[in-house]
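**Q** What follows is a protein structure lacking sequence information:
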């Protein structure tokens, strides 16, 4: 379990969008998009088309803003259903960040089913979770967690899934507080702004998880239970799995000059640092010398 079974999570505003599966990726960078960007230069080929804005496929119609996440009323529903789990995490994340950022405005949260258009291109089940700044929205296809398990060796349990949502929320915080403007994209490499921003988002996710039991529903019931040691190890494992070096090893090459998110050890460290020490340490990835990251 991760959610308190008795918690009321019916207030989430997440929506589901998309019909059918596609092979195109998204303009935002998810895990498979990262692989395409990393592997392409290393192999001498252009894979950028994999993360371009392809159109959605499949039939059916839905409301323009998306449909509600059905059967998502209690913490027990969130424990049993991954779509509800992702949707319900919104409540605890918004509650936490409302206390940390003034003024705070919540991002949107879209559960992607197959593919859906976004302000950053097409979100599809061919890329991992990402935050799209023009939309101020987090897009997550929960099948990504299965991909982590099957192709990248992650356990990707409940708390690890919440870490990933919390990481994407961290990018929204960076956007609304001006971090993205102060540390714009300046290319790749172990000392790049991209790596620094990603490590800070890992730290933000850890800081939230360290305090997540403080957020309560309208009846005073905590949304989330305190994590067990096994759950924390699972979350750390997820951070490790999405390190640049671990991902690059899948293609047989490790090129630090193409890093965009940081090494597995760095990602694990900054998640744990945020969890243990709180937000006070989370500005450090932006300012430390490259060799100290």
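**A** Looks like it arrived, so ask away. Since the structure is predicted, the reported quantities are computational estimates derived from the model, not experimental observations. Residues are numbered from 1 along each chain as shown.

**Q** Please, where are all the helices along the stretch 51-200 of the chain?
**A** Secondary structure of the stretch 51-200 of the chain (DSSP state H, counting those that start in this stretch): helices at 75-80, 82-98, 143-152, 158-176, 179-182, 193-211.

**Q** CSV for the ones you listed, including distance to residue 136 and mean neighbour count?
**A** For glycine as for every other residue, the C-beta is placed from the backbone atoms N, C-alpha and C. Listed next are the helices of the stretch 51-200 of the chain as CSV, based on distance: least, Cβ to Cβ, whole Å; neighbours: other Cβ atoms under 10 Å:
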stretch, distance to residue 136, mean neighbour count
helix 75-80, 24, 21
helix 82-98, 13, 23
helix 143-152, 21, 17
helix 158-176, 7, 24
helix 179-182, 12, 14
helix 193-211, 15, 25
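
**Q** for the ones you listed, which one sits closest to residue 12?
**A** For these, proximity to residue 12 was assessed by Cβ to Cβ; helix 82-98 is nearest, at 4.6 Å.

**Q** What backbone torsions are found at residue 289?
**A** Backbone torsions of residue 289, given as degrees, to the nearest 10, read phi -60, psi 150.

**Q** before we move on, back to that, any chance of the helices of the stretch 51-200 of the chain in CSV, plus distance to residue 133 and mean pLDDT?
**A** Formatted as CSV, the helices of the stretch 51-200 of the chain follow (distance: least, Cβ to Cβ, whole Å; pLDDT from 0 to 100):
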stretch, distance to residue 133, mean pLDDT
helix 75-80, 27, 98
helix 82-98, 16, 98
helix 143-152, 20, 86
helix 158-176, 5, 97
helix 179-182, 7, 97
helix 193-211, 12, 97
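
**Q** okay if I get those as CSV plus distance to residue 220?
**A** Output for these, formatted as CSV (distance: least, Cβ to Cβ, whole Å):
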stretch, distance to residue 220
helix 75-80, 14
helix 82-98, 13
helix 143-152, 31
helix 158-176, 21
helix 179-182, 34
helix 193-211, 17
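
**Q** can you tell which of those helices is closest to residue 227?
**A** Nearest of the helices of the stretch 51-200 of the chain to residue 227, taken as Cβ to Cβ: helix 158-176 at 5.4 Å.

**Q** hey, which helix or strand in this structure has the poorest pLDDT?
**A** Lowest mean confidence among the helices and strands of the chain (mean pLDDT, DSSP states H and E): helix 31-43, at a mean of 39.

**Q** check contacts around residue 158.
**A** Residue 158 makes contact with 1-2, 79, 85, 231, 234, according to Cβ atoms under 8 Å, 6 or more residues apart in numbering.

**Q** how does it look with 7 Å?
**A** 2, 85, 231 (Cβ atoms under 7 Å, 6 or more residues apart in numbering).

**Q** I figured the second one hits residue 160, correct?
**A** Spelled out, it's residue 85. No. Judged on Cβ atoms under 7 Å, residue 85 makes no contact with residue 160 at a distance of 11.2 Å.

**Q** Touching, residue 8 and residue 218? I think so.
**A** Yes. With contacts counted by Cβ under 7 Å, residue 8 reaches residue 218, the gap being 6.3 Å.

**Q** Give me the more crowded residue out of these two.
**A** A side-by-side neighbour count of residue 8 and residue 218, using other Cβ atoms under 10 Å, places residue 8 first with 17 against 8.

**Q** Could I get the pLDDT score of the closest residue to the more buried one other than its chain neighbours?
**A** The spatial neighbour of residue 8 that comes closest, neighbours along the chain excluded (Cβ to Cβ, 6 or more residues apart in numbering), is residue 217 at 4.2 Å. If you check residue 217, the pLDDT there is 98.
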